[in-house]
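J.: Pasted the sequence and its predicted model underneath.
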Amino acid sequence: MSKEVVTTDKAPAAIGPYSQGIRVGNLVFTAGQVGLVPGTKEFAGPDITSQTRQALQNLQAVLEAGGSCLAHVVKTTVFMADMKEFSLMNEVYAQFFGANAPARSTVQVAALPMGARVEIEAIAEVCDCGSTRLEGCTKG
């Protein structure tokens with residue numbers, strides 16, 4: 001199997017020596033996405049809610065560039081600066097994944113890049129359906 005680098009300008013550029021995503025066979029592996037607005041070095045807001053929403057939008061963009069979508073995510077890992085904000089993060093997360101959410105691990109870390117409140121990475125199946133929501137996927 002060959003490895004294909006996934007890139008998109010609809011998500012923040014990598015801030016180090018790594019790829020936004022990698023596609024291998026029928027899987028897409030994303031790098032962790034924080035709540036930076038694409039094309040800027042600014043967070044969507046200072047709070048966990050706005051940063052989680054933007055991180056998931058960035059994740060969605062990388063997945064789509066790799067030929068997948070949120071509906072085909074099988075595993076996420078969420079890194080949080082403060083686990084006390086878990087319920088706020090979880091509310092936004094549920095809006096993106098709904099009842100058929102992927103497997104998930106959530107951990108508190110000492111610090112995140114650029115002072116982010118949250119970082120989210122994913123593993124997804126390739127689907128090429130272009131859906132941005134679970135209920136909209138046409139290749140279930």
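T.: All right, it came through fine.
J.: Show the average pLDDT along stretch 55-62.
T.: Averaged over stretch 55-62, pLDDT sits at 98.
J.: contact partners of that stretch?
T.: With C-beta atoms under 8 Å, 6 or more residues apart in numbering as the test, stretch 55-62 has contacts from 6, 8, 10-12, 20-21, 28, 30-31, 33-36, 38, 69-70, 92-93, 96, 116, 118-122, 132. From N, CA and C alone the C-beta is placed, and that goes for glycine too.
J.: The residues you listed, buried ones only, as a ChimeraX selection?
T.: A single ChimeraX command selects the buried members of those (16 or more other C-beta atoms under 10 Å):
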select :6,8,11,12,20,21,28,30,31,33,34,35,36,69,70,92,93,96,116,118,119,120,121,122,132
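J.: Out of the contacts of stretch 55-62, list just those in strands.
T.: 6, 21, 28, 30, 118, 119, 120, 121, 122 (DSSP state E).
J.: So what's the gap between stretch 80-99 and the chain middle?
T.: 13 Å (C-alpha atoms, centre = their mean, to the nearest Å).
J.: Kindly report the same for stretch 42-59.
T.: For stretch 42-59, the distance to the chain centre is 10 Å (C-alpha atoms, centre = their mean).
J.: about what we covered before: which of the ones in strands among the contacts of stretch 55-62 lies closest to residue 47?
T.: Residue 47 lies nearest to residue 118 out of the ones in strands among the contacts of stretch 55-62, by C-beta to C-beta, at 10.1 Å.
J.: quick one: that closest one and residue 89 touch, right?
T.: Yes. Between residue 118 and residue 89 there is a contact under C-beta atoms under 8 Å: 5.8 Å.
J.: Mutual contacts of those two, please.
T.: 48, 52, 78, 80.
J.: Of those residues, which is the most crowded?
T.: Counting neighbours by other C-beta atoms under 10 Å, residue 52 leads the shared contacts of residue 118 and residue 89 with 28 neighbours.
J.: ok, now which ones touch the residue lying closest to that one once chain neighbours are set aside?
T.: Distances taken as C-beta to C-beta, 6 or more residues apart in numbering place residue 92 nearest to residue 52, at 4.2 Å, with adjacent residues excluded. Counting by C-beta under 8 Å, 6+ apart, residue 92 touches 49, 52, 53, 56.
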